[in-house]
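1. Sequence and predicted structure, then a few things I'm wondering about:
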Amino acid sequence: MAAVPHFQIEDLHVAVEGKEIVRGLNLEIKGGEVHAIMGPNGTGKSTLASALMGHPAYEVTGGRVTLDGQDILEMSVDERARAGMFLAMQYPAEVSGVSNANFLRTALNARRGEGNELPVLKFHRLLQDKMKQLNIDPSFAERYLNEGFSGGEKKRNEILQMSILEPRIAILDEIDSGLDIDALKIVAESVNNLRSPNIGFLIITHYQRLLQYIVPDHVHVMMQGRIVRSGGKELAEALEAKGYDWLKEELGIVDETVGAQA
Ligand SMILES: Nc1ncnc2c1ncn2[C@@H]1O[C@H](COP(=O)(O)OP(=O)(O)OP(=O)(O)O)[C@@H](O)[C@H]1O
């Protein structure tokens, strides 16, 4: 396994129910980098995240995605996770009958590979440490995965999964929505603690607020299913202050959604 991850998306096209939603997207993320994607509603951001993780409803109709030179589009969802891809979702699923702790241990051991499983006691110590860091009540370890969790608790649980699995590429889709300000700070701190050359982040967000806490190296704006502008953190600040109209005007875009003509 290469030390520093290198994730590359080239001319990606994704269709949902036969309609092209992502339309020629290019993005390169290296270990140590935090990239943020912003963009108005309905411009394909979540579709991109789902397609990268191999959600079956999202059909890749063109382009290439590689992690350390390996074609991830050829991989099953499981294989992508084992290769070090992680997606924290906008709406995490509830799974009855599977405890958080069991789910995490199974996922971690799958990621570590056969013969390299973490002994049970060590796993529980790791879990307790991480839960404490994230201010998650210890009883959540034995509760069924996300069942009856509040919106904010689900989001924190996603970050718990991420900090235990230590992915190489972490995609956080609107992880800030539904978080109160204290939870937002805790989540941001956990992401910042994980920042290292061994991991690259793709953060999808609507608000500059999150990016004040997790300062991105690169900010991209997505409209009509592709990246239309890239910059540094000042781009997020400009969008927060002025909205998207000035950019649409500059680019001559009338309708930014993927429903519009490309
Ligand atoms: N599973 C699906 N079935 C049908 N249409 C879908 C599906 N997923 C996405 N779409 C459509 O694709 C388009 C882009 O949606 P997507 O959720 O990717 O946008 P987004 O940029 O993440 O929006 P938001 O900022 O509102 O979360 C929308 O028109 C949406 O209705």
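-> The structure has been received and is ready for your questions.

2. burial of Glu117, as a residue count?
-> Per other CB atoms under 10 Å, the neighbour tally for Glu117 reads 15. C-beta here means a position set from N, CA and C on the backbone, and glycine is covered the same way.

3. which SS class is the spatially closest residue to it that is not a sequence neighbour?
-> Spatially, and ignoring its direct neighbours in sequence, Glu117 is nearest to Asn109 (4.3 Å; CB to CB, 6 or more residues apart in numbering). With DSSP: H, G, I helix; E, B strand; the rest coil as the basis, Asn109 sits in helix.

4. Test my guess that Asn109 contacts Pro119.
-> No - with contact defined as CB atoms under 8 Å, Asn109 does not count as touching Pro119 (10.4 Å).

5. and the two? which has more neighbours close in?
-> Ranked by neighbour count (other CB under 10 Å), Asn109 and Pro119 place Asn109 first, with 14 against 8.

6. Let me see the confidence value for that one.
-> Listed pLDDT for Asn109 reads 91.

7. Residue ranges in this structure under the pLDDT threshold?
-> Applying pLDDT under 70 to the chain picks out residues 1-2, 90, 259-262.

8. Flag every residue of it that's near the ligand.
-> Contacts of the chain with the ligand, taken as CB under 6 Å from any ligand atom, map to 16-17, 21, 39, 41-47, 57, 258-259.

9. List buried residues within those.
-> Buried members of those, scored by 16 or more other CB atoms under 10 Å, are 16, 21, 39, 42-47, 258.

10. Can you name the two of the residues you listed that sit furthest apart?
-> Val16 and Gly39 (16.6 Å; CB to CB).

11. Phi first, then psi, for Leu27.
-> phi -160, psi 140 (degrees, to the nearest 10).

12. What residues does it make contact with?
-> Contact analysis of Leu27 by CB atoms under 8 Å, 6 or more residues apart in numbering lists 8-9, 35, 202, 220, 227.

13. export the residues of the chain next to the ligand to TSV and tack on distance to Ile72?
-> Converted to TSV, the residues of the chain next to the ligand look like this (distance: CB to CB, whole Å):
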residue	distance to Ile72
Val16	19
Glu17	23
Ile21	19
Gly39	23
Asn41	27
Gly42	26
Thr43	23
Gly44	19
Lys45	19
Ser46	18
Thr47	16
Ala57	17
Val258	23
Gly259	28
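
14. In helices, which of these appear?
-> 45-47 (DSSP state H).

15. Leu235 and Val187: what is the separation?
-> Computed as CB to CB, to the nearest Å, the Leu235 to Val187 distance reads 22 Å.

16. let me fix that: Ser99
-> 22 Å.

17. who's more crowded, these two?
-> Val187 (27 against 16).

18. Show the contacting residues for that one.
-> 134, 155-156, 159, 175-176, 179 are the contacts of Val187 under CB under 8 Å, 6+ apart.

19. wait, which of those residues is closest to Lys242?
-> Using CB to CB, the contacts of Val187 come closest to Lys242 at Asp176, 20.4 Å.

20. Can you classify that closest one as helix, strand or coil?
-> coil.

21. Is there a neighbour count for it? I'd like the number.
-> Based on other CB under 10 Å, the number of other residues close to Asp176 is 21.
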